[in-house]
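J.: coordinates for the following, if possible.
(chains A and B)
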Protein chains: 2
Amino acid sequence: MINNFASHFGVNNVPYGVASSDQHSTAQCVTRIGDEVIFLSELSKLEPFVGIRAPLSTIFRESTLNTFAALPRDIQSQVRSAIQKAYKGNLHQTHSENIKDVTMHLPVHIGDFTDYSASASHVLNAGEAIQGIRAFPPAFHKYPVGYAGRCSSIAVSGTPVTRPLGQFVGDYTHPKKNIIFGPCRALDYELEVGAIIGKPVESGPRLNAKDADEYIFGLVLLNDWSARDIQGLEMNPLGPFNGKNFMTSISPWVITLEALKPYEVPAPSRMQSVAEFMDDPKSINYDIQLKGEILRKGARSMTCTVGFETMYWTFRHMIAHHTIGGCNLRTGDLIASGTVSGELKHEHGCLLELTKNGKEPSTLSDGSELYYLEDGDEVWYTGVVGDGSAGVGFGECTGVVKPAQS
Amino acid sequence: MINNFASHFGVNNVPYGVASSDQHSTAQCVTRIGDEVIFLSELSKLEPFVGIRAPLSTIFRESTLNTFAALPRDIQSQVRSAIQKAYKGNLHQTHSENIKDVTMHLPVHIGDFTDYSASASHVLNAGEAIQGIRAFPPAFHKYPVGYAGRCSSIAVSGTPVTRPLGQFVGDYTHPKKNIIFGPCRALDYELEVGAIIGKPVESGPRLNAKDADEYIFGLVLLNDWSARDIQGLEMNPLGPFNGKNFMTSISPWVITLEALKPYEVPAPSRMQSVAEFMDDPKSINYDIQLKGEILRKGARSMTCTVGFETMYWTFRHMIAHHTIGGCNLRTGDLIASGTVSGELKHEHGCLLELTKNGKEPSTLSDGSELYYLEDGDEVWYTGVVGDGSAGVGFGECTGVVKPAQS
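T.: Next up, the predicted model:
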């Protein structure tokens, strides 16, 4: 894939990431404008940053964004303005490298990862694909249903995913009780958006959904790789485990809530009454248009285009629900939306939905049939706000499927 | 509770923990013999440690055991011998404090926490209590079923647990669809044993169950506090979340596999054939006798005595299953057994089983009835190997229930 997404990183974006390069051998905090990756520890010593009350040069030398993400929002806002000023004044050039010359790393240390299932359409489509029934879980309209994911196997975009080995029912289209062991036969992606926690949420005081934006540093793209056959056997009763924990990919650039603010759109209305702490009369999503493609044998095929504004539960709701029982959130925690899906076939954010659990294949542009992912397939996923003209996007989240270990 | 468990910490135990005190204001690595907590950074400068090829004094100054836990097993074994030699030679005294004068901290940094459900009796008893059916989940005899837990809310023994708020069906004994919000009405404990990963397991090469001991640093007691009403509503389909993530308690002392080695006992036989990587012909558990009590209004009541040797799946199996799909394990990761339960009523390791989900109360020694935990109840949990005479035990894992936040 040669696509640097320069158009996603206009001066109104100012995303944050962690990069290293030949010139900058230590991974450290960066931003990006166009194709230029700007090393912030160096940049933040310049005039536009004077007066900002934080040891920025030290903070940006760190190998994760966690310390910066935990700073007060007003300081983060000052930094954003200073970066824009430095860029417009051409002060950044000696502290920049081209994106093609740097290696991007995981942007944050993630102490806990939570994956929700916040899309009404995904829940209905997935239930139909597996059980032939379009029905909501019992709690769906009261709160977003979620589960804890695995942190150790979260990888940055570009990391290949190895087809997992595992145990599952032999024929996933005609379930019988013959449990076998071998390479996953139903490898899937799930196109999601993740929120990175900035200011931590302490255990104790009740946090209402309407006040939860304060704790979100920014958003990333996320691919929740899923082994449907392994997952299908293990789900009852404790939920997904080996069907998910072999890898989760995230995009390297964190898009801040300040950059996304102009693209707030109303979230869907609640279909049932909710508890007071979950009530958010001005509930919002973001106008993020997501696109998924599969590259098979060099041929690109679009598999999904869907808008994030369709999500039934918002990140504010997810955070309020997460913390209401006393669970704290720490800076760097990753909270994912679950598969972003709409009702229409081209809006289905995973193959479980698109191919009805491998029973109704799609035809790809190379003429082959798509049931589930094959070795060598590359899943490629991107997102941009609005119509893309404002220059605020996420870049890519991608990964190639490698054969299972022997 | 005044019980220092000196008898658990004979010279054959040599557990590891992290402590601070007035004299040692920085939390650091310690061991314990009898009532004496020995500060290892200081001790390891003495003669018995000469020749051990690791910078022990530096490693033991750290605020977690992670670096030590990752050392090769033969070095850990040399350290154990050196500690015993120093103790027997009375070299430890100037580097020790009485247990009552120190504060114990979480012994390791935990990057991921996995909770299994490895007891056959627990699965059957819990199913009966909730649904009136004694049946195994589909995968139970092929591998231990587990889920990812929450790391941020893991606390060391002695930390109070606040009754969680949450949403649940109003009357958990007669489920209807009236979902309400409020303080948990069915607060439970789960008496478990946890394994701490020492040497990390990298993603990739297949790890067979029979070889998995190499990756276990040691064991702790664990109380997986559970809000049964919150959990009951959310479980379908993604498993436990807010019903568990408000807190998990672990004991402060890690008991090494070397200390436990003499107490290996055969694990139960497999009831069905298993995949080759799960096969462990000399499958072992440990002869750990566990005891749970509730203190209500000053009166102690025994609620559980059960042996860990009854667990159907062993930690070796849990690690092999965990990693077979490509999920890596890092030093400090916590893997818990799930509730340790036997068939008999006095062997039930949680109130869900003991009181049949609050429908069949027990009478406590203060004359009150035990349905689920009440505010002020203290759950007190301990474990010792064999008959206790060898001086190898876990000390305690305890916590008092505080009222819900208003």
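J.: buried stuff in the lengthiest helix in chain A?
T.: Ranked by number of residues, the top helix in chain A under DSSP state H is helix A:73-88. Using 16 or more other C-beta atoms under 10 Å in any protein chain shown as the test for burial, helix A:73-88 gives A:73, A:76, A:78-80, A:82-84, A:86-87. C-beta here means a position set from N, CA and C on the backbone, and glycine is covered the same way.
J.: ok, residues contacting that helix?
T.: The contact list for helix A:73-88 (C-beta atoms under 8 Å, 6 or more residues apart in numbering or on different chains) reads A:11, A:14, A:31, A:33, A:38, A:40, A:43-44, A:46, A:48-49, A:52-54, A:56, A:68, A:92, A:198-199, A:214, A:217, A:256, A:258-259.
J.: of those residues, which belong to strands?
T.: Counted as lying in strands by DSSP state E, out of those, are A:31, A:33, A:38, A:217, A:256.
J.: chain B: which of those is nearest?
T.: A:F217 (16.2 Å; C-beta to the nearest C-beta).
J.: quick one: that closest one and A:E258 touch, right?
T.: No. A:F217 is beyond contact range of A:E258, at 10.1 Å (criterion: C-beta atoms under 8 Å).
J.: still on that earlier bit, nearest to B:L295, of the buried residues of helix A:73-88?
T.: Taking C-beta to C-beta as the measure, B:L295 lies nearest A:R73 of the buried residues of helix A:73-88, at 45.1 Å.
J.: per-residue pLDDT, the residue of the stretch 101-250 of chain A found nearest chain B?
T.: Here the stretch 101-250 of chain A gets closest to chain B at one residue, A:G239, 2.4 Å apart by C-beta to the nearest C-beta. pLDDT for A:G239: 98.
J.: which residues of the stretch 1-150 of chain A lie near chain B?
T.: Taking C-beta under 8 Å from any C-beta of the partner chain as the contact definition, the stretch 1-150 of chain A meets chain B at A:111-112, A:114, A:117, A:137-139, A:142-143, A:145-150.
J.: so which of the residues you listed are in helices?
T.: Nothing among the residues of the stretch 1-150 of chain A next to chain B maps onto helices, per DSSP H.
J.: in strands, which of these appear?
T.: The strands in this structure, assigned by DSSP E, contain A:114, A:117, A:145-148 from these.
J.: buried subset of these?
T.: So, by 16+ other C-beta under 10 Å, the buried ones in those are A:114, A:117, A:145-148.
J.: isn't the residue of the stretch 101-250 of chain A closest to chain B right up against A:G149?
T.: No. Applying C-beta under 8 Å as the test, A:G239 and A:G149 come out as separate, 10.1 Å apart.
J.: who's more crowded, the two?
T.: A:G239 (27 against 24; other C-beta atoms under 10 Å in any protein chain shown).
J.: let me see the contact set for that one.
T.: A:147, B:147, B:235, B:237-240.
J.: returning to that earlier point: need the ones in strands among the contacts of helix A:73-88 in CSV (columns: neighbour count).
T.: Output for the ones in strands among the contacts of helix A:73-88, formatted as CSV (neighbours: other C-beta atoms under 10 Å in any protein chain shown):
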residue, neighbour count
A:T31, 28
A:I33, 23
A:I38, 23
A:F217, 28
A:T256, 23
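J.: for A:P281, grab the count of nearby residues.
T.: Quick note: A:P281 (other C-beta under 10 Å) scores 6 neighbours.
J.: model confidence for the closest residue to it other than its chain neighbours, exactly?
T.: Take A:P281 and drop its neighbours on the chain: the residue closest to it by C-beta to C-beta, 6 or more residues apart in numbering or on different chains is A:K210, 7.3 Å away. pLDDT recorded at A:K210 is 98.
J.: thought A:K210 was touching A:E276?
T.: No. Taking C-beta under 8 Å as the definition, A:K210 is not a contact partner of A:E276, at 10.4 Å.
J.: between these two, who's got more neighbours?
T.: Neighbour count, other C-beta under 10 Å: between A:K210 and A:E276, A:K210 has more, with 16 against 10.
J.: any idea how far the more buried one lies from B:V169?
T.: According to C-beta to C-beta, to the nearest Å, A:K210 and B:V169 sit 26 Å apart.
J.: A:G127 falls within a helix, correct?
T.: Yes. Counting by DSSP: H, G, I helix; E, B strand; the rest coil, one finds A:G127 located in a helix.
J.: residue contacts, it?
T.: For A:G127, the contacting residues are A:133-135, by C-beta under 8 Å, 6+ apart.
J.: which one of the residues you listed has the most neighbours?
T.: With neighbours taken as other C-beta under 10 Å, the top of the contacts of A:G127 is A:R134, carrying 13 neighbours.
J.: count of residues packed around the nearest residue to that one once chain neighbours are set aside?
T.: Closest residue to A:R134 apart from its sequence neighbours, by C-beta to C-beta, 6+ apart: A:L124 at 4.4 Å. By the criterion of other C-beta under 10 Å, A:L124 has 18 neighbours.
J.: which of the helices or strands spans A:L124?
T.: Take DSSP states H and E as the rule and A:L124 turns out to sit in helix A:120-131.
J.: then A:H317?
T.: helix A:315-323.
J.: does whichever helix or strand comes after that helix reach chain B?
T.: Downstream of helix A:315-323, the first helix or strand assigned by DSSP H and E is strand A:334-336. No. Using C-beta under 8 Å from any C-beta, we find that strand A:334-336 stays clear of chain B, coming within 12.0 Å at best.
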